[in-house]
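**Student:** Provided below are the primary sequence and the corresponding predicted coordinates.
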Amino acid sequence: LSEALQRPVRSRVLAKVKSGTDLEAVQKRYESDLRTQPKVMTERAYLATQTEDLTKRFSILGGFLAVIMGLGAIFTGTNSMLAAIGARTHEIGILKAIGYRPLPIFLSFLGEAVLLGLLGGLLGCVLVLPFQGAETGTMNETFSEVTFAFRTTPFVMVTAVSFAMLLGLVGGLFPAWRASAMTPTQALRRG
């Protein structure tokens, strides 16, 4: 094929090596040979270099979207917790009147916010499962198509649920503090 295309130069040579071959030793062997100076690497390392730029772009985009959506989730969580506290001010007043201290009230509302974050994270993981194994592709710098499959690992799911719980915690801090700071008379008067 190279003779037909009049391209005597090879840009890449693929070799299947025996199991246990020391690739570093093969690379050192070619370092002193000035005729050919190949880059000796595994297939995984080669493919990683081909998608390095794409990986950086996806990481930046994913991080940006996570921050924007996280802020939206915090404000939504804060709003819904403030609405829940507004609907339960009478109960908060009764708890305060019978001797509950501010810390247990604060922790109960904060626990509710974290629980809502946990449920939201779990629901998000369940909604993503139908996309498991879906394939898509894109081009890299050499104009060759790089295809990849969507895979959600247990580590990613645990990270997502933990992030959702953290967002619930941050979103529930102010409403929980507000509920614990009410005096019994304020809470009973509002209810």
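**Tutor:** Great, that's in hand.
**Student:** Name the next helix or strand following the one helix or strand Phe155 maps to along the chain.
**Tutor:** Per DSSP states H and E: Phe155 is located in helix 154-181. On the C-terminal side of helix 154-181, the closest following helix or strand by DSSP H and E is helix 184-190.
**Student:** Only alpha carbons, please: show that following helix as CSV.
**Tutor:** Output in CSV follows, covering the C-alpha atoms of helix 184-190 (Å, rounded to 0.1, in the frame of the first residue of the first chain):
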residue,chain,number,x,y,z
PRO,A,184,-41.2,30.1,71.0
THR,A,185,-43.3,33.2,70.9
GLN,A,186,-42.2,34.2,67.4
ALA,A,187,-42.8,30.7,66.1
LEU,A,188,-46.2,30.3,67.8
ARG,A,189,-47.3,33.7,66.6
ARG,A,190,-46.4,32.9,63.0
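**Student:** buried residues in that helix?
**Tutor:** Pro184, Ala187, Leu188 (16 or more other CB atoms under 10 Å). No exception for glycine: its C-beta is placed from N, CA and C like everyone else's.
**Student:** can you count the residues close to the residue nearest to Val26 when sequence neighbours are not counted?
**Tutor:** Distances taken as CB to CB, 6 or more residues apart in numbering place Val40 nearest to Val26, at 5.0 Å, with adjacent residues excluded. Using other CB atoms under 10 Å, Val40 has 16 neighbouring residues.
**Student:** how much space between Val40 and Ala48?
**Tutor:** 15 Å (CB to CB, to the nearest Å).
**Student:** ok, the residue nearest the centre of the chain - contacts?
**Tutor:** For the chain, Ala160 is the residue whose C-alpha lies nearest the centre (CA atoms, centre = their mean; 5.5 Å). Contacts for Ala160 (CB atoms under 8 Å, 6 or more residues apart in numbering) come out as Gly121, Gly124, Cys125.
**Student:** what's the closest of these to Val13?
**Tutor:** Ranked by distance to Val13 (CB to CB), the contacts of Ala160 are led by Cys125 at 43.4 Å.
**Student:** Confirm for me that that closest one is in contact with Thr152.
**Tutor:** Yes. With contact defined as CB atoms under 8 Å, Cys125 counts as touching Thr152 (7.3 Å).
**Student:** Who has more neighbours out of these two?
**Tutor:** Between Cys125 and Thr152, Cys125 has the larger neighbour count (other CB under 10 Å), namely 17 against 14.
**Student:** how about the more buried one, phi and psi?
**Tutor:** phi -60, psi -40 (degrees, to the nearest 10).
**Student:** I'm done for today, thanks for sticking with me.
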